[in-house]
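Chemist: requesting a structural model of the entry that follows:
(one chain, ligands or ions: 2)
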Amino acid sequence: MSPANNKPIAYDLILRQGNVMLSPHQIESVDLAIKAGKIAAISAHIPESAAQEINLQGKLISPPFVESHIHLDSALTAGEPRWNQTGTLFEGIKIWQERKQDLTLEDIKNRAIATLKRQAQQGILFVRTHADVSESNLIALEGLLEVREEVKDWMTVQVVAFPQDGIYGNSQNELLLEKALEMGADAVGGIPHYEFTREDGVRSVQRIFELAGKYDRLIDIHCDEIDDDQSRFLEGVAAAAIRTGMGAKVTASHTTALGSYNNAYAFKLIGLLERAQINFIANPLINITLQGRTDTYPKRRGITRVKELWQQGLNVSLGHDCIQDPWYSLGTGNMLDVAHMAVHVCQMTGVAEVGACYAMVTWNGAKTLNLGQNYGLEVGQPANLIVLGTENPYTAIRDRAPVEQVISQGTVLIETVPSTTQCYW
Ligand code: 17E
Ligand code: FE2
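Modeler: Ligands and ions are numbered 1, 2, ... in the order given. Have a look, this model is predicted:
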């Protein structure tokens with residue numbers, strides 16, 4: 001049936017007069033129409049009508065947030081079986097070692113799905129999670145692969161096979177990592193700075209590239225997540241990326257030691273990184289708390305050189321890393337909290353820099369995940385988008401603006417009515 005004004009119903013949904021982010025730098029006040037799950041039109045005024053229309057009056061329409069680094073297998077376990085007292089990575093690994101003895105498929109899946117729902121409510125529709133593959137039953141991986149399938153209608157999940165205890169930390173882990181790829185993990189992970197020796201770390205990087213080549217998978221390595229200025233596995237990752245030509249498929253996560261390298265070495269390394277064209281993920285909420293724990297004063301920030309990598313045009317995205325787990329007992333999954341912390345600890349307070357931090361939780365994350373044409377607000381693309389109760393990316397980060405609508409594949413999946421405050425003075 002045509003509406004009263006006799007305009008033909010041409011679309012399923014029209015969002016009128018939103019501030020649409022066509023790219024991180026281009027925002028236009030336009031109408032956006034959706035049909036059959038895809039973005040069907042974007043223009044200053046769409047004359048036809050739709051079955052449902054929402055007048056946004058200048059609210060921000062953004063592509064969804066991308067969570068490029070989270071550990072869903074450990075999410076929501078903070079305090080089990082005990083709290084992390086030193087606040088270090090190493091105590092976190094020990095506590096997880098104890099907790100993971102009790103993992104069941106149900107436990108993993110329930111916590112992962114509860115976390116993904118929280119993330120979706122806050123505008124995330126793309127997630128890369130790590131799954132610890134250093135237990136012989138591979139139950140974390142099995143659970144997260146099942147979750148990937150179960151949520152695929154509303155959330156895109158990638159699973160990294162992550163050997164938390166090191167590929168050479170015991171005799172079975174190397175085979176377990178390969179088995180994880182046979183089971184269907186999307187990416188190969190690693191943790192070279194945690195291997196027994198520097199040599200083991202170096203050969204772990206070689207092994208990761210061999211496996212990624214053999215099974216045609218992405219790579220995402222926990223790399224140099226330590227304040228040790230001698231931890232230099234990133235150069236090996238970059239060299240392997242150059243030699244294999246895999247650059248865009250490779251990610252170095254954390255790389256906090258790059259914040260501690262001497263400047264002469266860091267400048268040489270950044271030249272190599274420019275050639276390698278790999279992706280970087282910084283996790284500012286977690287690394288500002290995990291790192292610097294062996295320092296007295298001055299106390300290092302323990303975050304990678306986000307600003308300098310970005311200034312060189314390299315792809316940096318931001319991750320939450322943990323939501324209430326042995327490494328970080330706080331966290332709600334809100335990517336604007338992550339971007340807000342990045343603005344502070346990376347000193348990216350200039351207007352363009354704050355905008356860049358927004359790109360790091362959206363477009364840059366999509367690039368890290370190799371989402372290609374499945375991401376962004378262009379006609380013909382899947383209609384995945386969010387409406388924020390704010391005007392632009394700067395105010396979104398400043399106010400940690402609420403995500404009022406989450407539209408997944410053309411359907412309004414979640415609506416949040418922001419709280420209102422009454423003052424009686
Ligand atoms: N495992 C690890 O090696 N590093 C981290 N930041 C977390 C888990 C959360
Ligand atoms: Fe991590």
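
Chemist: all helices for the protein, in order.
Modeler: Remark: helices assigned in the chain by DSSP state H are 89-99, 105-121, 139-150, 173-183, 198-215, 233-244, 263-276, 284-290, 306-311, 335-345, 351-360, 363-368, 393-399.

Chemist: can you tell me the closest non-neighbouring residue to whatever residue of the stretch 301-425 of the chain ends up closest to ligand 1?
Modeler: When scored by Cβ to the nearest ligand atom, the stretch 301-425 of the chain has Trp327 as its residue closest to ligand 1, at 4.0 Å. To be clear about C-beta, it is placed using only N, CA and C from the backbone, and glycine gets the same treatment. Distances taken as Cβ to Cβ, 6 or more residues apart in numbering put Gly92 closest to Trp327, at 3.8 Å, once the chain neighbours are dropped.

Chemist: about what we covered before: quick one, what contacts the residue of the stretch 301-425 of the chain closest to ligand 1?
Modeler: 71, 74, 84, 89, 92, 96, 286, 290, 321 (Cβ atoms under 8 Å, 6 or more residues apart in numbering).

Chemist: could you redo the last one with a cut-off of 7 Å?
Modeler: Residues near Trp327 by Cβ atoms under 7 Å, 6 or more residues apart in numbering: 84, 89, 92, 286, 290.

Chemist: give me the number of residues near the second one?
Modeler: By other Cβ atoms under 10 Å, 24 other residues sit near Leu89.

Chemist: I figured it was touching Leu290, is that so?
Modeler: Yes: in this structure, Leu89 is within contact of Leu290 by Cβ atoms under 7 Å, at 5.0 Å.

Chemist: from what I can see Leu371 touches Val127, true?
Modeler: No: with contact defined as Cβ under 7 Å, Leu371 does not count as touching Val127 (11.5 Å).

Chemist: which of these two has more neighbours?
Modeler: Shown here are Leu371 and Val127; by other Cβ under 10 Å, Val127 has more neighbours (30 against 18).

Chemist: could you count how many residues lie near Leu138?
Modeler: Neighbour tally, Leu138, other Cβ under 10 Å: 20.

Chemist: Arg398 and Ile288, how far apart?
Modeler: 19 Å (Cβ to Cβ, to the nearest Å).

Chemist: so which of the two has more stuff around it?
Modeler: For Arg398 versus Ile288, the count of surrounding residues by other Cβ under 10 Å is larger for Ile288: 18 against 14.

Chemist: who's the closest spatial neighbour of the more buried one, skipping the chain neighbours?
Modeler: Val345 (5.1 Å).

Chemist: hang on, the one you found packs against Gly302?
Modeler: No: the pair Val345 / Gly302 is not scored as a contact, 8.9 Å apart, by Cβ under 7 Å.

Chemist: what sits in contact with each of the two?
Modeler: With Cβ under 7 Å, 6+ apart, Val345 and Gly302 have common neighbours Ile288.

Chemist: and the two? Which one has more around it.
Modeler: Neighbours were counted for Val345 and for Gly302 using other Cβ under 10 Å; Gly302 has more, 24 against 17.

Chemist: which residue comes closest to that one once chain neighbours are left out?
Modeler: Nearest to Gly302 is Gln291, by Cβ to Cβ, 6+ apart, at 2.0 Å.

Chemist: show me where pLDDT drops low in the protein?
Modeler: 1-6 (pLDDT under 70).

Chemist: around ligand 1, pick out the residues from it.
Modeler: 71, 89, 164, 191, 222, 225, 286, 321-322, 327 (Cβ under 6 Å from any ligand atom).

Chemist: repeat that for 8 Å
Modeler: 71, 74, 89, 92-93, 96, 130, 162, 164, 191, 194, 222, 225, 254, 283, 286-287, 290, 321-322, 325-328 (Cβ under 8 Å from any ligand atom).

Chemist: out of these, which are inside strands?
Modeler: 130, 162, 222, 254 (DSSP state E).

Chemist: run a quick neighbour tally on Ser23.
Modeler: 12.

Chemist: ok, now Thr256?
Modeler: Count around Thr256 with other Cβ under 10 Å applied: 30.

Chemist: what does Leu175 give?
Modeler: By other Cβ under 10 Å, neighbour count at Leu175 equals 11.

Chemist: now swap in Ala180 and tell me
Modeler: 28.

Chemist: distance check, it against Asp165.
Modeler: Remark: distance between Ala180 and Asp165 (Cβ to Cβ) = 14 Å.

Chemist: before we move on, what about Ile414?
Modeler: Using Cβ to Cβ, we find Ile414 at a distance of 37 Å from Asp165.

Chemist: of those two, which one has the most company?
Modeler: Using other Cβ under 10 Å as the criterion, Ile414 and Asp165 rank with Asp165 on top: 21 against 17.

Chemist: leaving out chain neighbours, which residue sits closest to that one?
Modeler: Ser134 (3.9 Å).

Chemist: next up, phi/psi of the one you found, please.
Modeler: Here is the backbone geometry of Ser134 (degrees, to the nearest 10): phi -100, psi 20.

Chemist: OK, contacts around it?
Modeler: Applying Cβ under 7 Å, 6+ apart, the residues near Ser134 are 163-165, 169, 173, 176.

Chemist: of the residues of the chain next to ligand 1, grab the buried ones for PyMOL.
Modeler: The following PyMOL line selects those of the residues of the chain next to ligand 1 that are buried, judged by 16 or more other Cβ atoms under 10 Å:
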select buried, resi 71+74+89+92+93+96+130+162+164+191+194+222+225+254+283+286+287+290+321+322+325+326+327+328
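
Chemist: lovely, talk soon.
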